[in-house]
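1. just a sequence and a predicted model for now, questions to come.
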Amino acid sequence: MLAFSQPAYVLHSRAYRESSALVDFLTPQGRLRAVLRGARGKAGTLARPFVPLEAEFRGRGELKNVGRLEAAGIPNLLGGEALFSGLYLNELLIRLLPAEAPYPEVFEHYGLTLQALAQGRPLEPLLRGFEWRLLDELGYGFALDTDRHGRPIVASARYRLQVDAGLEPVEQLQPGLFQGVELLAMAQADWRVPGALAAAKRLMRQALAPHLGGRPLVSRELFMTFKEPPRD
C-alpha cells in the first residue's frame, strides 16, 4: 500500500461510520480526502481546522486512510470574525480546488493567512489577498492594471468585469462598475484609497461566482447571522 507524509491542515471533518471521521485535508500536493480511524481518540483532537499537522496518508484511490497524524506547529487560535473568515477560506478551498492537484503556493499562502488572522490583523485585506491568489493559481486570474485589450487602466475611467476575459472599459453608467482609481489601488494593494477595499470585495465576488456553481457559501451565511444584532 502506498504511504506518504505531508504537512497538512484540516479543511472539514464529519463523522463517518461508528468511530471514524471523513476529513478533507489541504496539503502541498492538493486537497485530499481521507478516513481517520479512532477519531474520538488522540488523533481526533488534532483533526481540527487551523492546526498545522504532519499527516501520513495511505492508499492509491481517491479516498485515502490516515496512518499517522501529529501536530507540526502552534495552533492558529481564531475567534469571532477571524474564525468565520477562516471557515470561509476553508470552504473556498473545498469548493474550488480540484482533488489531488498540487498547489504548493496556495498551501503556503493559506498558512500565512491563518497566522495573520490569529494575530488580529485587519480581515478584509487578508481575505481579498487570499481570494486573488487562489483565483490566479487556479488560472482564473486577470490583470488589474491593464484592460482586456492590454491597454493601461485609466484612473478616471470606469470598467466592468468580464469573467472570462478581464476588465472592459465602459463609457455609460451601469450598475456594478469599477473606477479605474480603485482598480489601480487593488493592483498595488493600497487600501488607503477611498472605496478600494469595498470595490475589491465586489470584484472578488463577481470573479468567484461562476466557479462556485451558483450555490451559496455556508460560511458567508453563518457570518451574516453572526453579525446580525439580537432581536427583542
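-> Right, received. Where do you want to start?

2. which residue is the nearest non-sequential neighbour of residue 90?
-> Leaving out its chain neighbours, the residue that sits closest to residue 90 by CB to CB, 6 or more residues apart in numbering is residue 11, at 4.4 Å. (Glycine included, C-beta is placed from N, CA and C.)

3. can you give me the pLDDT of that neighbour?
-> pLDDT recorded at residue 11 is 97.

4. assumed it was part of a helix.
-> No: looking at residue 11 with DSSP: H, G, I helix; E, B strand; the rest coil, it is strand, so not inside a helix.

5. quick one: it from residue 19, how far?
-> In this structure, residue 11 and residue 19 are 21 Å apart, going by CB to CB, to the nearest Å.

6. residue 144 too?
-> As judged by CB to CB, residue 144 and residue 19 stand 49 Å apart.

7. who has more neighbours, these two?
-> Under the criterion of other CB atoms under 10 Å, the comparison of residue 144 against residue 19 puts residue 144 first, with 22 against 13.

8. for the more buried one, what are its contacts?
-> With contacts defined as CB atoms under 8 Å, 6 or more residues apart in numbering, residue 144 is in contact with 153, 167, 183-184, 186-187.

9. now with 10 Å, please.
-> For residue 144, the set of contacting residues under the criterion of CB atoms under 10 Å, 6 or more residues apart in numbering consists of 132, 153, 159, 166-167, 178, 182-189, 200, 203.

10. report pLDDT for it.
-> Here, the pLDDT recorded for residue 144 equals 97.

11. confirm it sits in a strand?
-> No: judged by three-state DSSP, residue 144 forms no part of a strand; its state is coil.

12. off-centre distance for the longest helix seen in the chain?
-> Under DSSP state H, the helix in the chain containing the largest number of residues is helix 80-96. The chain centroid and the centroid of helix 80-96 are separated by 6 Å, computed with CA atoms, centre = their mean, to the nearest Å.

13. could you do stretch 117-134 as well?
-> Averaging C-alpha positions (CA atoms, centre = their mean) puts stretch 117-134 9 Å from its chain's average.

14. inside strands: which ones of the contacts of residue 144?
-> 159, 166-167, 178 (DSSP state E).
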